[in-house]
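**Student:** I need the structure of the sequence given here:
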Amino acid sequence: MNVRFSSRRLGKGTVFLALTLATRCLAQEATPTPTPTPSPAPYSTQTLSALKQLQQAALTSDYAYRQVAHLSNNIGPRLTGSAQAQKAVEYVAAELKAIGLEVQLEKITVPHWVRGEETAALVEYSGMAEKTEQKILLTALGASVPTPAEGLTAEVIVVRNFDELQSLGHDKVNGKIVLFDYHFDKLMAVQGHGGDAYGQAVKYRAEAPSAAARLGAVAALVRSVGGAEFRLPHTGQTDYAKDAPKIPAAAVTAEDADLISSLAPQGPVRMRLVLTPQQLPEATSYNVIGDLKGSEHPEQVVVVSGHLDSWDLGTGAIDDGAGVAVSMQAANLVQQLKLHPKKTIRVIAWMNEENGLAGGKAYAADHAKEIANHFAVMETDGGAGHPLGINYATKKEAKWLFEPIAKILQDSGAGILTLAEHPGADIGPLTKLGVPGFSPIQDNRTYFFYHHTAADTLDKIVPHELAENAAVVAVTAYALANLEQPIPR
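**Tutor:** Alright, predicted model coming up:
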């Protein structure tokens, strides 16, 4: 910097001030700007090399596919409290022991609901042929109470949403069957936001029966929460409110919802409905837990998980045999490659995600004193579609810690990082306590075609895409187990 002035033109005070300013400017120029201290690399070169090995091993292994094939084909539907659910517990425990994990079964108490008979027919509507009826395809919602054994027959009224129901009032609803014809947003789903579309529609499955019962309805039907119209009813849990009577509840297919909605404006529509589910006494079941102990910090835990129970219409391949299988594969690959995670990798097969979350809630309560040592929790429960990246539920500023993982996963098309609020249902009780949560971002454009239906079967899984999910889970789990610094909570 050059400072030029003339003492003949400036007073003494001005000269002194100028000299002072010049001296300060020169001093500032002479003092170098401090260089920020770089943050230490989150992963060692050795860890990054191991992550690439895990990725390649996962993409060429059929272990995960063999596991989900056994769960869905050999064991079958695994509704909480069933013999199949218990068989699945025993099978996964044995498999985790076989790959060298320390295994324990943590006891939980779960609901035991069974489906029973479910039939429906339209017995009166405008223009019907004499002495005929039209069959309606439906399925009881989880926790539904039964109709009388011989069934019930009543007029069906159709509403599109809760506001329309309320506008009818008690006089028009009392003694009727109410059909909630709320449409799943298929356009939203096909654009890659199936979870959001599901979230908008599923509140009717949960809340509609109680809303109708408060106005005197004798039964409630909901349009199936799903994206395809294959005349497949979609089941799922309903949530009876404490301030309303419990009435029978079922989901009708999209096509049958359209049928009833078309007939209703033409005149009265009457339905005969038979549902015979039973709520049996609560049962004992288990979360299956397998630990691959850490070499330096065994007390710190990185959880990888999926839920072992499924609904009873299909065989639970995509929901959520796939999630259990890729979690098992994560530990299996680490063992096969003789890698040594610094923290413990804990595989959990949760029980009772579908109709109660007893497994996730019990684990959080039982391990309350160890929450600080739960370094991270991950859940896969979005099917088996091609993974696009990782959801992370942490503070925003933690993103840079996961970017090296995403860079490696980009090789298999899974390099996206997205800040998410709810990475998984079973790990929800832990993330609410501040534990950083993760899940794969999966292509779910067709997931809700089959979700909670009789078509949730093994053929819906593309083996290579399942292997890609296994790569995401294995790479992420091992990276977190070797992360050189804590994740901000």
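**Student:** ok, N74 - how many residues close by?
**Tutor:** 12 (other C-beta atoms under 10 Å). All C-beta atoms are positioned from the backbone trio N, CA, C, and that covers glycine.
**Student:** surely L339 meets K52?
**Tutor:** No. With contact defined as C-beta atoms under 8 Å, L339 and K52 do not form a contacting pair (11.7 Å).
**Student:** of these two, who's got more company?
**Tutor:** Just comparing L339 and K52: by other C-beta under 10 Å the higher neighbour count belongs to L339, 21 against 12.
**Student:** Can you tell me the element that one falls in?
**Tutor:** Using DSSP states H and E, L339 sits in no helix or strand.
**Student:** quick check, A454 in a strand?
**Tutor:** No. Applying DSSP: H, G, I helix; E, B strand; the rest coil, one finds A454 to be coil, outside a strand.
**Student:** now it: how far from D163?
**Tutor:** A454 sits 33 Å away from D163, going by C-beta to C-beta, to the nearest Å.
**Student:** And S262, by the same measure?
**Tutor:** 22 Å.
**Student:** that older thread, so which of A454 and D163 has more stuff around it?
**Tutor:** Legend: neighbour count by other C-beta under 10 Å for A454 and D163, higher for A454 (18 against 8).
**Student:** Is it correct that that one is in contact with L313?
**Tutor:** Yes. Counting by C-beta under 8 Å, A454 touches L313, with 4.3 Å between them.
**Student:** Could I get the buried residue list for stretch 141-148?
**Tutor:** Neighbour counts over stretch 141-148 (16 or more other C-beta atoms under 10 Å) mark 141-147 as buried.
**Student:** And those residues, which two are furthest apart?
**Tutor:** Farthest-apart pair in those is G142 and T147; separation 16.1 Å (C-beta to C-beta).
**Student:** ok, the buried residues of stretch 141-148 vs Q485, which is closest?
**Tutor:** Nearest to Q485 among the buried residues of stretch 141-148, counting by C-beta to C-beta, is G142 at 42.9 Å.
**Student:** Can you give me every residue that contacts the closest one?
**Tutor:** G142 is in contact with 113, 235-238, 311, 354-355, counting by C-beta atoms under 8 Å, 6 or more residues apart in numbering.
**Student:** can I get those in JSON lines with distance to D320, pLDDT and secondary structure?
**Tutor:** Listed next are the contacts of G142 as JSON lines, based on distance: C-beta to C-beta, whole Å; pLDDT from 0 to 100; DSSP: H, G, I helix; E, B strand; the rest coil:
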{"residue": "W113", "distance to D320": "18", "pLDDT": "98", "secondary structure": "strand"}
{"residue": "T235", "distance to D320": "15", "pLDDT": "98", "secondary structure": "coil"}
{"residue": "G236", "distance to D320": "14", "pLDDT": "98", "secondary structure": "coil"}
{"residue": "Q237", "distance to D320": "14", "pLDDT": "98", "secondary structure": "strand"}
{"residue": "T238", "distance to D320": "20", "pLDDT": "98", "secondary structure": "coil"}
{"residue": "W311", "distance to D320": "10", "pLDDT": "98", "secondary structure": "coil"}
{"residue": "E354", "distance to D320": "9", "pLDDT": "98", "secondary structure": "coil"}
{"residue": "N355", "distance to D320": "13", "pLDDT": "97", "secondary structure": "coil"}
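**Student:** Can you add neighbour count and distance to G175 and give those back as CSV?
**Tutor:** Output for these, formatted as CSV (neighbours: other C-beta atoms under 10 Å; distance: C-beta to C-beta, whole Å):
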residue, neighbour count, distance to G175
W113, 22, 27
T235, 29, 26
G236, 23, 26
Q237, 20, 26
T238, 25, 21
W311, 26, 31
E354, 23, 32
N355, 22, 29
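**Student:** So for the helix or strand harbouring I408, mean pLDDT?
**Tutor:** The secondary structure element spanning I408 is helix 399-409 (assigned by DSSP H and E). The pLDDT scores in helix 399-409 average 97.
**Student:** Would you mind pulling up the elements that that helix packs against?
**Tutor:** helix 45-59, strand 387-393, strand 416-419, helix 463-481 (3 or more C-beta pairs under 8 Å, 6 or more residues apart in numbering; DSSP states H and E).
**Student:** got the angle for that helix vs helix 463-481?
**Tutor:** In terms of direction (axes from the mean of the first three to the mean of the last three C-alpha atoms, to 10 degrees), helix 399-409 departs from helix 463-481 by 140 degrees.
**Student:** Next, the buried residues of helix 399-409.
**Tutor:** 401-402, 404-406, 408-409.
**Student:** Same question for stretch 109-127.
**Tutor:** Residues of stretch 109-127 classed as buried: 110-113, 115, 118, 120-122, 124-125 (neighbour count, 16+ other C-beta under 10 Å).
**Student:** check contacts around V114.
**Tutor:** V114 neighbours (C-beta under 8 Å, 6+ apart): 79, 81-82, 277-278, 280.
**Student:** ok, now with 6 Å
**Tutor:** Q278 (C-beta atoms under 6 Å, 6 or more residues apart in numbering).
**Student:** Kindly state the pLDDT recorded for it?
**Tutor:** If you check V114, the pLDDT there is 98.
**Student:** In helices, which of the buried residues of stretch 141-148 appear?
**Tutor:** Among the buried residues of stretch 141-148, no residue falls in helices (DSSP state H).
**Student:** ranges for the strands of the stretch 1-150 of the chain?
**Tutor:** For the stretch 1-150 of the chain, the strands defined by DSSP state E, counting those that start in this stretch occupy 102-114, 118-124, 134-136, 138-140.
**Student:** Mind naming the longest helix for the chain?
**Tutor:** Ranked by residue count and defined by DSSP H, the top helix of the chain is helix 194-214.
**Student:** List the neighbouring strands of the very next helix or strand once past that one plus their orientation.
**Tutor:** As assigned by DSSP H and E, the chain's next helix or strand after helix 194-214 is strand 219-223. According to DSSP bridges, strand 219-223 forms sheet pairs with strand 177-180 (parallel), strand 249-252 (parallel).
**Student:** T153: which of the ones you listed is closest?
**Tutor:** strand 177-180 (9.1 Å).
**Student:** Let me see the mean pLDDT of whatever helix or strand comes next after the closest one.
**Tutor:** Scanning forward in sequence from strand 177-180 by DSSP H and E, the next helix or strand is helix 186-188. On average, the pLDDT along helix 186-188 is 94.
**Student:** tell me which residues in stretch 445-464 are buried?
**Tutor:** 445-458, 460-461.
**Student:** quick check, nearest of those to G175?
**Tutor:** Among the buried residues of stretch 445-464, and counting by C-beta to C-beta, the member closest to G175 is H452, at 29.8 Å.
**Student:** So what's the gap between stretch 194-202 and the chain middle?
**Tutor:** For stretch 194-202, the distance from its own C-alpha centre to the chain's C-alpha centre is 12 Å (C-alpha atoms, centre = their mean, to the nearest Å).
**Student:** So what touches that stretch?
**Tutor:** Here stretch 194-202 makes contact (C-beta under 6 Å, 6+ apart) with 182, 184-185, 188-189, 225, 444, 447-448.
**Student:** Just send these back as a markdown table, with distance to R66 too.
**Tutor:** Compiled in a markdown table, the contacts of stretch 194-202 are given as follows (distance: C-beta to C-beta, whole Å):
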| residue | distance to R66 |
| --- | --- |
| Y182 | 40 |
| F184 | 33 |
| D185 | 36 |
| M188 | 35 |
| A189 | 30 |
| V225 | 31 |
| N444 | 24 |
| Y447 | 22 |
| F448 | 26 |
